[in-house]
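Asker: Here's my sequence, what's the structure:
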Amino acid sequence: MSKVILSGHVIAPESDLAAIKAALPEHIRLTRGEPGCIVFRVEQDAENPLRFDVYEEFVDKAAFKAHQARIIGTDWAQASSGLTKFYEIT
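Answerer: Below you'll find the predicted structure:
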């Protein structure tokens, strides 16, 4: 199987920014510890604090799907539910 790459950015509603920033470090830590995670970066844009650039690599589709399943019901899922997503998955 080939690896899965997700790249792009998200835009946060200003009203959710504090919750997103609070939940993000744990989300990053847990994701980087998942089996099959190669790279996981979420970085707040220096010029637009509502924009977060995202880059993810997983060893295969199964690892990527497991990641998506893991986050359901987490603090991150709740905090990030209002994000507008601009992703490309290859």
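Asker: Can you name the element that comes right after the helix ranked longest in the chain?
Answerer: Using DSSP state H to define each element, the chain has its longest helix at helix 17-32. Downstream of helix 17-32, the first helix or strand assigned by DSSP states H and E is strand 37-44.
Asker: and the helix or strand of the chain with the lowest mean pLDDT, what does it pack onto?
Answerer: One helix or strand of the chain scores below all others by mean pLDDT, DSSP states H and E: helix 75-79, with a mean of 93. The helices and strands touching helix 75-79, judged by 3 or more C-beta pairs under 8 Å, 6 or more residues apart in numbering; DSSP states H and E, are helix 17-32. For the C-beta atoms, the positions are set from N, CA and C on the backbone; glycine is no exception.
Asker: Kindly format the C-alpha coordinates of the helix it packs on as CSV.
Answerer: What follows is helix 17-32, C-alpha atoms only, in CSV (Å, rounded to 0.1, in the frame of the first residue of the first chain):
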residue,chain,number,x,y,z
LEU,A,17,-9.7,30.0,18.7
ALA,A,18,-8.9,29.6,22.4
ALA,A,19,-10.4,26.1,22.6
ILE,A,20,-8.6,25.0,19.5
LYS,A,21,-5.2,26.3,20.8
ALA,A,22,-5.9,24.5,24.1
ALA,A,23,-6.8,21.2,22.6
LEU,A,24,-4.1,21.2,19.8
PRO,A,25,-1.0,20.2,21.8
GLU,A,26,-2.6,17.0,23.1
HIS,A,27,-4.0,16.2,19.6
ILE,A,28,-0.6,16.6,18.1
ARG,A,29,1.0,14.4,20.8
LEU,A,30,-1.5,11.6,20.5
THR,A,31,-1.5,11.6,16.7
ARG,A,32,2.3,11.5,16.5
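Asker: Brilliant, that's me finished.
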